[in-house]
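A.B. asks: this one's sequence-less:
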């Protein structure tokens with residue numbers, strides 16, 4: 001069974017963050033809170049761990065995975081050709097409930113990209129999630145925790161019952177009540193909303 005750690009949502013216990021980061025560095029899988037839903041994640045530079053993510057999700061390797069960066073500076077390392085307008089938009093909205101589709105830089109591992117040349121990047125407004133990424137000093141995969149019927153799971157106890165045998169750590173930040181992130185494609189001349197989710201109204205201001 002996985003280790004179930006309860007973290008304070010605003011002041012995550014550093015001993016727990018260190019334990020989570022150690023597991024990620026060993027190639028472990030974690031389930032962790034974001035500002036929208038619970039995510040299934042691992043170190044983006046660990047191919048075996050990413051293979052495990054696809055096994056847990058029971059999805060094809062052709063389906064791209066998004067990942068979480070710590071801040072805009074970190075994001076700029078993994079994306080290229082970001083226009084001034086796109087940068088201003090992200091600076092206004094991040095951290096927040098958005099996934100931005102951007103052109104991938106050479107720093108993104110090829111084994112996690114598939115055939116596409118783009119990546120989905122998040123900077124969630126969640127202290128637990130950001131503390132993990134900052135302590136690891138590299139991004140982590142962010143894909144939704146859901147049932148086979150695509151029902152999103154927001155209760156850590158329910159998540160443990162369903163996924164406790166296939167992940168290494170469940171990071172408990174309490175029950176999350178939210179829509180998924182709004183997905184915005186920034187690879188063209190104008191932003192294109194691919195999925196209207198949490199924070200969509202703020203995007204239009």
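C.D. replies: Cool, the structure landed. A quick note: this is a predicted structure, and the numbers were derived from the prediction, not measured.

A.B. asks: From now on I want contacts and neighbour counts done on CA atoms only, so please keep to that.
C.D. replies: Will do.

A.B. asks: Poorly predicted segments of this structure, please.
C.D. replies: For the chain, the stretches flagged by pLDDT under 70 are 204.

A.B. asks: what do you get if the cut-off is 80, keeping everything else the same?
C.D. replies: 113-115, 203-205 (pLDDT under 80).

A.B. asks: report the longest strand in it, please.
C.D. replies: strand 98-104 (DSSP state E).

A.B. asks: can you pull the buried residues of that one?
C.D. replies: 98, 99, 100, 101, 102, 103, 104 (16 or more other Cα atoms under 10 Å).

A.B. asks: now swap in stretch 106-120 and tell me
C.D. replies: For stretch 106-120, the buried set under the neighbour-count rule, 16+ other Cα under 10 Å, comprises 108, 112, 113, 118, 119, 120.

A.B. asks: was I right about the fifth one contacting residue 101?
C.D. replies: So the one you mean is residue 119. Yes. Applying Cα atoms under 8 Å as the test, residue 119 and residue 101 come out as touching, 5.5 Å apart.

A.B. asks: ok so, going back, does anything pack onto the longest strand of the chain? Which helices or strands?
C.D. replies: strand 79-80, strand 118-122, strand 182-185 (3 or more Cα pairs under 8 Å, 6 or more residues apart in numbering; DSSP states H and E).

A.B. asks: let's go with 10 Å and repeat that
C.D. replies: strand 66-68, helix 72-78, strand 79-80, helix 84-93, strand 118-122, strand 182-185, strand 192-195 (3 or more Cα pairs under 10 Å, 6 or more residues apart in numbering; DSSP states H and E).

A.B. asks: These: which one's closest to residue 136?
C.D. replies: strand 66-68 (11.6 Å; Cα to Cα).

A.B. asks: Just checking: what are the partner strands of the closest one?
C.D. replies: Applying DSSP bridges, strand 66-68 is found paired with strand 118-122 (parallel), strand 140-144 (antiparallel).

A.B. asks: could you dump the helices and strands packed on strand 98-104 to CSV with distance to residue 29?
C.D. replies: Shown next, in CSV, are those (distance: least, Cα to Cα, whole Å):
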stretch, distance to residue 29
strand 66-68, 14
helix 72-78, 22
strand 79-80, 24
helix 84-93, 28
strand 118-122, 18
strand 182-185, 24
strand 192-195, 26
